[in-house]
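# Sequence and predicted structure are below.
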Amino acid sequence: MPPQVSTDETDELFTVAADYLRKRLTPELSQPKVAIICGSGLGGLVDTIEETDKVEFSYEEIPGFVSSTVPGHAGKLAFGLLGKNKMPTVLMVGRFHFYEGYNLKQITFPIRIFKLLGVETLIVTGAAGSLREEFETGDIGVLSDHISIPGFCGVNPLSGPNLPAFGPRFTALSDTYDYELRVKAFKAAQKLNFTPGSIKESIYCFAGGPTYETRAEARFLKSTGGDVVGMSTVPEIIVAKHCGIKILGLILVTNKVVEKKPKSADPMNYQQMMNYQDQEPVNHEEVIALGVSKAKDMKNLVKTIIELI
Ligand SMILES: O=P(O)(O)O[C@H]1O[C@H](CO)[C@@H](O)[C@H]1O
């Protein structure tokens, strides 16, 4: 497992990175109020900001940022004004994942930069597999809670020395997902005439990846009370909560998690027992394709929510 404790040098880098960006932006763009993280296949969210006032930085050029290595994650930070209310916004077009070999400090580094720049609200988007019959592919989940499987084993972005300048040693997560923002998400969906039931409150299970779940793991996750499962989102959310940023999580259900049980309990009925194999395995290309096909809905939703803020 990669080390999770950063060096002092990395901690100083928060200020260096924030200054680097501030110096290259107009005063209006250098104080974003909203940050958006674009999940797999959802990079098109960057089109919600006007081309005319967009300023972009590749992750490679920003001090302290690591690189995006996953297909469907472009690897750039975009600043601009979003929606009718011209909200100063920063978008992470592509996120970092634990399974890329990065430690949780590296993955969550941008969140504290956003805090230093003045961000008050974080909208995290992502792709996830559905653990429930009633969550269809293409549905959108508004996160109401999460279960961090790595967290149970001590894998937490707040492990190691606390940074009191950002928040306390011990952080309560019981009210992580802002109620008012969740209400705004549903109001926005109603305004956009989304099919009733296609947007639902959801509990996100964070699994480390990069392997998708075995059938037994899927059944276990379902039994924990989770609705959807993905390999990201939670580390960024924990760090945002630690430093007092309001959080909205929006998840696109890109696939159903494979978990079918045998159709017959009769051990002599081989044909029915073999039905255990009747679902196709999930793959990342399918995840991205679904994201791209629903990009317009996600874009409209995020834009309308921001207009309600
Ligand atoms: O959470 P995002 O990055 O949106 O993507 C999800 O899709 C990828 C797997 O297909 C994993 O990265 C998983 O977390």
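Ah, there it is.
# So which bits of stretch 111-129 are buried?
111-117, 119, 121-129 (16 or more other C-beta atoms under 10 Å). Every C-beta, even on glycine, is put in place using the N, C-alpha and C of the backbone.
# start to end distance for it?
25 Å (C-alpha to C-alpha, to the nearest Å).
# Is that stretch positioned near the ligand?
Yes - Stretch 111-129 reaches the ligand (C-beta under 6 Å from any ligand atom) through Gly126, Ala127.
# what's the following helix or strand after the least confident helix or strand in the chain by mean pLDDT?
Within the chain, no helix or strand scores below helix 270-273, which has a mean of 60 by mean pLDDT, DSSP states H and E. Scanning forward in sequence from helix 270-273 by DSSP states H and E, the next helix or strand is helix 284-293.
# now check that following helix, is it near the ligand?
Yes - contact of helix 284-293 with the ligand (C-beta under 6 Å from any ligand atom) involves His284, Val287.
# Enumerate the positions of that helix that are buried.
So helix 284-293, judged by 16+ other C-beta under 10 Å, has buried residues His284, Glu286, Val287, Ile288, Leu290, Gly291.
# ditto for stretch 179-190
Here stretch 179-190 shows Leu181, Arg182, Lys184, Ala185, Ala188, Ala189 as buried, counting by 16+ other C-beta under 10 Å.
# what would those residues look like in TSV with pLDDT and secondary structure?
Shown next, in TSV, are these (pLDDT from 0 to 100; DSSP: H, G, I helix; E, B strand; the rest coil):
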residue	pLDDT	secondary structure
Leu181	98	helix
Arg182	98	helix
Lys184	98	helix
Ala185	98	helix
Ala188	98	helix
Ala189	98	helix
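# so Val70 is in which element?
Going by DSSP H and E, Val70 is not in any helix or strand.
# Report how many residues lie close to it.
19 (other C-beta atoms under 10 Å).
# who touches it in this structure?
With contact taken as C-beta atoms under 8 Å, 6 or more residues apart in numbering, Val70 is in contact with Ser40, Gly94, His97, Glu100, His284.
# Please report how far the closest residue to Gln279 other than its chain neighbours lies from the ligand.
Nearest non-adjacent residue to Gln279, counting by C-beta to C-beta, 6 or more residues apart in numbering: Val258, 4.6 Å away. Separation of Val258 from the ligand (C-beta to the nearest ligand atom, to the nearest Å): 13 Å.
# try Ser293
Counting by C-beta to the nearest ligand atom, the gap from Ser293 to the ligand is 15 Å.
# Next: Asn156.
18 Å.
# ok, that residue - contacts?
Gln4, Leu104, Ser148, Pro150, Ile238.
# pretty sure the second one is in contact with Phe98, am I right?
Yes - Leu104 is in contact with Phe98 according to C-beta atoms under 8 Å; the separation is 6.6 Å.
# Would you map the helices across this structure?
Using DSSP state H, the helices of the chain run over 8-23, 104-117, 149-152, 179-191, 215-223, 234-242, 270-273, 284-293, 295-308.
# Could you tell me the least trusted of those helices?
Ranked by mean pLDDT, those end with helix 270-273 at the bottom, a mean of 60.
# Name the nearest residue to the closest residue to the ligand within the chain, ignoring sequence neighbours.
In the chain, the residue that lies nearest the ligand is Gly39 (2.7 Å; C-beta to the nearest ligand atom). Of all residues not flanking Gly39 in the chain, Gly126 sits nearest, at 3.3 Å (C-beta to C-beta, 6+ apart).
# what sits against that neighbour?
Residues in contact with Gly126, defined by C-beta under 8 Å, 6+ apart, are Ile37, Gly39, Ser40, Leu42, Arg95, Gly230, Ser232, Thr233, Gly249, Leu250, Ile251, Leu252.
# what's the closest of the residues you listed to Pro27?
Relative to Pro27, the closest of the contacts of Gly126 is Ile37; by C-beta to C-beta it sits at 24.2 Å.
# Pull up the gap between the closest one and Ile251, please.
12 Å (C-beta to C-beta, to the nearest Å).
# which neighbours do these two share?
Thr125, Gly126, Thr233.
# Now Lys256: closest residue in space that isn't a chain neighbour?
Using C-beta to C-beta, 6+ apart, the nearest residue to Lys256 is Ser130, at 5.0 Å.
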